[in-house]
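J.: mind looking at a prediction? Sequence and model below.
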Amino acid sequence: MTTWITICDTCRREDRKAGDMARTDGEALAELIEAAAEGTGVRTRRVSCLMGCKRACNVAVQAPEKLAYALGGFEPTRAVAEAIVAYAVAHAESGTGQVPFRAWPEAVKGHFVTRLPPLEPGA
């Protein structure tokens, strides 16, 4: 089963400089995550709005029949993107999607918004 990172490409951080509209923070983070995910087996996709605007930038880590996680409040940096991908790789390697806290990359700690139970097979 493939683990996906879904990235909100419309996120704009509240501390964003006024007038800087060339690209959103979500687009910047998406580009960095896509690059970091190359060759890992983790897939990425962009969506317009994960409705977590108060905690931009937002991503979801999910796979069929596994726990899913929404994370937010990130800065669009290479280190953050690499940590998100590292977490997604650990999610992919887990039979349930649950990753032990000790295995979480430091840059994702404190950024979890919610955990969703897996859908039943065939749902």
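T.: Ah, there it is. Numbering: from 1, shown residues only.

J.: residue contacts, the residue most central in space within the chain?
T.: For the chain, residue 59 is the residue whose C-alpha lies nearest the centre (C-alpha atoms, centre = their mean; 3.1 Å). For residue 59, the residues meeting the contact criterion (C-beta atoms under 8 Å, 6 or more residues apart in numbering) are 5, 6, 7, 8, 29, 33, 50, 70, 71, 72, 74, 84. C-betas here are computed from N, CA, C, even on glycine.

J.: between these, which is closest to residue 44?
T.: residue 5 (4.9 Å; C-beta to C-beta).

J.: and the helix or strand that closest one falls within, what does it pack onto?
T.: Per DSSP states H and E: residue 5 is located in strand 4-8. Strand 4-8 sits against helix 25-37, strand 43-47, strand 59-62, helix 78-93, with contacts defined as 3 or more C-beta pairs under 8 Å, 6 or more residues apart in numbering; DSSP states H and E.

J.: same thing but at 10 Å, please
T.: Contact here means 3 or more C-beta pairs under 10 Å, 6 or more residues apart in numbering; DSSP states H and E; on that basis strand 4-8 packs against helix 25-37, strand 43-47, strand 59-62, strand 68-71, helix 78-93.

J.: what's the angle between that strand and strand 43-47?
T.: If you take axes from the mean of the first three to the mean of the last three C-alpha atoms, to 10 degrees, strand 4-8 sits at 20 degrees to strand 43-47.

J.: report the beta-bridge partners for the residue nearest to the centre of the chain.
T.: Judged by DSSP bridges, the bridge partners of residue 59 are residue 7, residue 71.

J.: so how far is residue 37 from it?
T.: Per C-beta to C-beta, to the nearest Å, residue 59 is found 11 Å from residue 37.
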